[in-house]
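K.L.:
Here's a sequence, model it:
(2 chains)
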Amino acid sequence: KAGVTQTPRYLIKTRGQQVTLSCSPISGHRSVSWYQQTPGQGLQFLFEYFSETQRNKGNFPGRFSGRQFSNSRSEMNVSTLELGDSALYLCASSQPEALSGYTFGSGTRLTVV
Amino acid sequence: QKEVEQDPGPLSVPEGAIVSLNCTYSNSAFQYFMWYRQYSRKGPELLMYTYSSGNKEDGRFTAQVDKSSKYISLFIRDSQPSDSATYLCAMSGGNTGFQKLVFGTGTRLLVSP
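P.N.:
Below is the predicted model:
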């Protein structure tokens, strides 16, 4: 059974640019959540999507956005990149009401220079 | 004060030791408790999932939840060098939203041969 797939694995961007990260959930998982992981703050929740709708949102500025497609694949976008956006961005998928299978991908490591 | 507190370690033990990892939390509405293991440059891997209070055992791993004390633990028996990783506690429930996990900062475990 294929796991959660995130692309790309590594990304280097310049301040002020924008970036789009992609996440393909486990087959049958319809809920997709995004997290930012940094050494100082740990894992922080960005948002969760189910049935193409954002159901929950963390405390991040509006520069962080996402969307989900009808096949449950999800993308997140960060506009006007700042140095502090450098982090590991993790995507997790699950059945909408079953945390027992809450599975993370390997993440996209974003470096902003 | 953070919602979830976790000693960052590192915790160094010899092979075969029993390891105890702990988290405390402040939000009494949390109902779902998880432990993840994260190797360097990988996404978190779900080890244990517990709903509400009680114990759960899976092989060498035992998870305990004491909601009255707002305290959760993970015990690893017969620890192996391959257990060397960062262990993250996570929880959710109540007004934070079912799918929004709140993580501890992680405890780095080193098991020496």
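
K.L.:
what lines up beside whatever helix or strand B:Ala90 lives in in the sheet?
P.N.:
Taking DSSP states H and E as the definition, one finds B:Ala90 inside strand B:85-92. The partner list of strand B:85-92 in its sheet, established with DSSP bridges, is strand B:32-38 (antiparallel), strand B:102-103 (antiparallel), strand B:107-112 (antiparallel).

K.L.:
Export it to CSV, keeping only CA atoms.
P.N.:
In CSV, the C-alpha atoms belonging to strand B:85-92 read as follows (Å, rounded to 0.1, in the frame of the first residue of the first chain):
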residue,chain,number,x,y,z
ALA,B,85,15.1,8.6,17.0
THR,B,86,13.0,11.6,18.1
TYR,B,87,9.8,10.7,19.8
LEU,B,88,6.9,13.1,19.5
CYS,B,89,3.7,13.1,21.5
ALA,B,90,0.6,14.5,19.9
MET,B,91,-3.0,15.0,21.0
SER,B,92,-6.3,16.4,19.8
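
K.L.:
just to revisit the earlier point, the strands paired with strand B:85-92 into a markdown table, with extra columns for distance to A:Asn59, mean pLDDT and mean neighbour count?
P.N.:
Bear in mind the C-beta positions are built from the backbone N, C-alpha and C, glycine included. Shown next, in a markdown table, are the strands paired with strand B:85-92 (distance: least, Cβ to Cβ, whole Å; pLDDT from 0 to 100; neighbours: other Cβ atoms under 10 Å in any protein chain shown):
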| stretch | distance to A:Asn59 | mean pLDDT | mean neighbour count |
| --- | --- | --- | --- |
| strand B:32-38 | 20 | 95 | 23 |
| strand B:102-103 | 12 | 94 | 24 |
| strand B:107-112 | 24 | 97 | 17 |
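
K.L.:
Tell me who's in contact with B:Glu5.
P.N.:
B:Cys23, B:Thr24, B:Tyr25, B:Gly104 (Cβ atoms under 8 Å, 6 or more residues apart in numbering or on different chains).

K.L.:
Could you identify the helix or strand that succeeds the one helix or strand it maps to?
P.N.:
Using DSSP H and E, B:Glu5 falls within strand B:4-6. Past strand B:4-6, further along toward the C-terminus, the next helix or strand under DSSP H and E is strand B:11-14.

K.L.:
For chain A, which residues are neighbours of chain B?
P.N.:
A:4, A:6, A:31, A:33, A:35, A:42-45, A:48, A:50, A:55-56, A:58, A:90, A:92, A:94, A:96-97, A:99-107 (Cβ under 8 Å from any Cβ of the partner chain).

K.L.:
Just those: which are in helices?
P.N.:
Using DSSP state H, no member of these sits in helices.

K.L.:
in its sheet, what does the strand holding B:Glu5 sit against?
P.N.:
With DSSP bridges as the test, strand B:4-6 pairs up with strand B:19-25 (antiparallel).

K.L.:
how about the strand it pairs with: buried residues?
P.N.:
B:Val19, B:Leu21, B:Asn22, B:Cys23, B:Thr24, B:Tyr25 (16 or more other Cβ atoms under 10 Å in any protein chain shown).

K.L.:
mind listing what's buried in the lowest-mean-pLDDT helix or strand in chain A?
P.N.:
Least confident helix or strand, chain A: strand A:98-104 with a mean of 79, by mean pLDDT, DSSP states H and E. Buried residues in strand A:98-104, defined by neighbour count with 16+ other Cβ under 10 Å: A:Leu99, A:Tyr102, A:Thr103, A:Phe104.
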